[in-house]
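1. fold the stuff below for me.
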Amino acid sequence: MSRRSTPNSSHGSDLSREVIAETARIICEEDVLDYRSAKLKALQRLGLSSRGALPDNASIQAAVIEYQRIFGGSDYAGHLIAMRRAAVQAMKLLQSGFSPRLVGAVVSGAITAAHRVQIHGFADRPETLDFFLQDRGIPFEQDERDYRYPDGSEVPVPLARFEAGEIGIDIAMFGLDDLRRTPLSPSDGLPMKRLNLADAEALAAIGVDAILGGSTPS
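-> Alright, predicted model coming up:
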């Protein structure tokens, strides 16, 4: 039997590492945001069947971070710091009325040039954010994103998207009750890590050397 037809053979772990590495390369070099799409593309390029189990997203996320540390270097670290600082500024703007929380790739460090800052805001009515941004002369686009919860439900959440210089910022507007109801992360299937302003400021203070040396948020 060939090694590709025996995923449980001694070659299985080598194949899995090969798929993870190729997936991370595709995400970082081709700006593919969807991990599943990147995994399927990696299997195709490696000439492997897509019928078997795909690598888990947590492994892909770790590989993306490692790839960026090695090949992105100081440019990657500098961009990550800039995104985290932009997130802090946006959260300060929203702090008085929306209890902002930072989530996503900017928290983990698994960013590429295609990523945007992701913030969760909370209010009785989602349109409150629209009025808030309009009153401050901040141009934005309305959108929507589906979030999955531990009970299996999937809920569409209104989204406001705007630019802070060269950095894109997305604010998903949840109801007030959702401060205690956390959606699942698409990266690892666990409840999303939501950072408050103080935690985001601490994250933004991590420098280039620490990022490239392997420092990650606890």
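
2. quick one, domains of the chain?
-> Segmentation of the chain into domains, based on automatic domain parsing, reads 3-55, 74-212.

3. point out where this structure drops to low pLDDT.
-> Of all residues in the chain, those with pLDDT under 70 make up the ranges 1-12, 214-218.

4. by residue count, what's the longest strand in it?
-> For the chain, the longest strand by residue count, based on DSSP state E, is strand 154-164.

5. ok, residues contacting that strand?
-> Applying CB atoms under 8 Å, 6 or more residues apart in numbering, the contact partners of strand 154-164 are 86, 89-90, 116-117, 126-127, 129-130, 133, 138-149, 168-174, 183. No exception for glycine: its C-beta is placed from N, CA and C like everyone else's.

6. is residue 52 in a helix, a strand, or coil?
-> Recorded secondary structure, residue 52: coil (DSSP: H, G, I helix; E, B strand; the rest coil).

7. can I get the buried part of the contacts of strand 154-164 as one ChimeraX selection?
-> With 16 or more other CB atoms under 10 Å as the burial test, the buried ones among the contacts of strand 154-164 are selected in ChimeraX as follows:
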select :86,90,116,117,126,129,133,140,147,168,169,170,171,172,173,174,183
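
8. out of the contacts of strand 154-164, which sit inside helices?
-> When those are checked against helices (DSSP state H), the matches are 86, 89-90, 127, 129-130, 133.

9. now tabulate those residues in CSV and tack on distance to residue 17.
-> Output for the ones in helices among the contacts of strand 154-164, formatted as CSV (distance: CB to CB, whole Å):
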residue, distance to residue 17
86, 34
89, 39
90, 37
127, 48
129, 43
130, 46
133, 45
